[in-house]
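Engineer: I'll drop the sequence and a predicted model, then ask my questions.
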Amino acid sequence: MQILTALSVLFLIQGALAGHPHGTHARRHRSRQITPKVHARADQTYKLVDLYQGQSFFDGWDFFTGGDPTHGLVDFVSQSEAQSAGLAYVQSDNTTVLAVDDKSTVAVGGNRKSVRITSKKTYSNGLFIADFYSMPHGCGVWPAWWSTGPNWPNGGEIDVVEGVNLGQTNQMTLHTADGCSLDTATAFTGHTLGTTCASSPADNSGCAIEDTNDNSYGHGFNMIAGGVFAHLWDDNGISIWHFPRGSIPADITAKTPNPSSWGHPAASFASSSCDIKSHFYDHSLVIDTTLCGDWAGAAYASSGCPATCEEAVADPTNFKNAKWNVNYIAVYQ
Ligand SMILES: *[C@@H]1O[C@H](CO)[C@@H](O)[C@H](O)[C@H]1NC(C)=O
């Protein structure tokens with residue numbers, strides 16, 4: 001008991017220092033959607049406050065070089081190492097690549113180099129538009145586009161894009177302190193995996209919604225040149241939309257986004273059962289790719305991937321598709 005308590009405290013401290021794990025295996029059940037509540041309001045307008053794009057993309061981000069809090073088989077490298085190893089760079093077409101090392105052979109059970117970047121600026125609300133041409137996927141691969149606040153889980157965590165291994169659909173998850181749940185009477189098109197947002201190192205499932213569309217994640221996403229994930233975070237809730245490349249609303253492309261015109265989001269977490277303002281604050285934005293660990297590793301045996309996750313990590317050819325290609329990330333308020 002003593003040891004367990006000490007370990008729990010250690011994990012909490014790690015979480016507070018490093019930003020904590022995103023969602024793991026959630027229970028699956030379908031939600032009933034009755035009298036749906038709608039989040040976005042037509043009378044709201046949004047102004048661009050930050051645009052991360054092009055040759056200056058990395059100016060707004062720090063490279064996280066600590067151990068992976070989700071216990072992945074990765075070494076997150078510094079900016080200089082990432083640049084010299086070709087793991088983080090801006091291309092001449094102004095898109096930004098964040099890659100996993102696909103050249104080195106590593107020992108079975110060893111770590112592979114990857115990157116995890118964190119925005120220098122923090123946010124307590126906003127409309128966030130992330131345009132990706134591709135995302136990492138494959139056996140052992142666990143990419144995420146997410147944000148996290150201080151003193152995990154007290155400052156909250158919003159997982160906008162996340163999945164593992166050969167997954168075909170995106171999972172969207174919130175993690176909070178006690179007292180926040182998913183109101184399934186809200187209008188959203190995804191299906192509910194879990195309604196308890198309160199998370200701890202012992203139970204880190206969070207409240208989660210799975211996109212029903214197989215172009216929302218991984219191979220299916222990349223085959224259509226990706227698309228846009230937009231999420232609106234205000235005192236009324238947190239809603240996430242996914243638009244395939246060919247169906248991006250014109251107002252998003254014109255940088256005059258109007259969420260009230262986008263239809264039902266893929267996921268929506270309403271303030272009716274979660275006081276958004278008190279559970280989510282001072283978030284850093286994060287893009288990372290880890291390997292194996294708490295989710296991709298735990299789910300590996302049932303993923304359809306061969307051998308073991310450790311063996312997958314050892315072989316560089318498994319990581320040819322483990323790349324984020326970012327067009328831009330825009331923040332409106
Ligand atoms: C890249 O961005 C720069 C600076 O905004 C711009 O001048 C240039 O035309 C862009 N290049 C492409 C290929 O879009």
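Structural biologist: Alright, I've got the coordinates.
Engineer: which other helices and strands contact the helix or strand containing F221?
Structural biologist: Assigning secondary structure by DSSP states H and E places F221 in helix 218-223. The contact analysis (3 or more C-beta pairs under 8 Å, 6 or more residues apart in numbering; DSSP states H and E) places helix 218-223 against strand 126-134. In short, each C-beta sits where N, CA and C put it, glycine included.
Engineer: what about the strand it packs on and the ligand, any contact?
Structural biologist: No - Strand 126-134 does not reach the ligand (C-beta under 6 Å from any ligand atom); its nearest approach is 13.3 Å.
Engineer: check contacts around the closest residue to the ligand within the stretch 1-150 of the chain.
Structural biologist: As assessed by C-beta to the nearest ligand atom, the ligand sits closest to N94 within the stretch 1-150 of the chain, at 3.8 Å. Shown in contact with N94 (C-beta atoms under 8 Å, 6 or more residues apart in numbering): Q53, G54, Q55, N327.
Engineer: Report the buried residues of stretch 77-94.
Structural biologist: Along stretch 77-94, these residues count as buried under the neighbour rule (16 or more other C-beta atoms under 10 Å): V77, Q79, E81, A82, A85, L87, A88, V90.
Engineer: my bad, stretch 151-171
Structural biologist: 152-165, 167-171.
Engineer: What is the burial count for the closest residue to P249 other than its chain neighbours?
Structural biologist: Leaving out its chain neighbours, the residue that sits closest to P249 by C-beta to C-beta, 6 or more residues apart in numbering is W262, at 5.9 Å. For W262, the count of nearby residues is 17 (other C-beta atoms under 10 Å).
Engineer: ok, now H264?
Structural biologist: For H264, using other C-beta under 10 Å, the count is 18.
Engineer: do the same with A322
Structural biologist: A322, neighbours per other C-beta under 10 Å, totals 25.
Engineer: Residues touching stretch 73-92, excluding its own?
Structural biologist: 54-55, 57-58, 63-66, 68, 96-101, 109-117, 140, 288-293, 297, 309-310, 313.
Engineer: Tell me which of those residues fall in strands.
Structural biologist: Counted as lying in strands by DSSP state E, out of the contacts of stretch 73-92, are 63, 96-99, 112-114, 116-117, 288-291.
Engineer: Name whatever forms a beta bridge with the closest residue in space to S199 that isn't next to it in sequence.
Structural biologist: Excluding the flanking residues, the one nearest S199 by C-beta to C-beta, 6+ apart is H175, at 3.9 Å. Beta-bridge partners for H175, by DSSP bridges, are E157.
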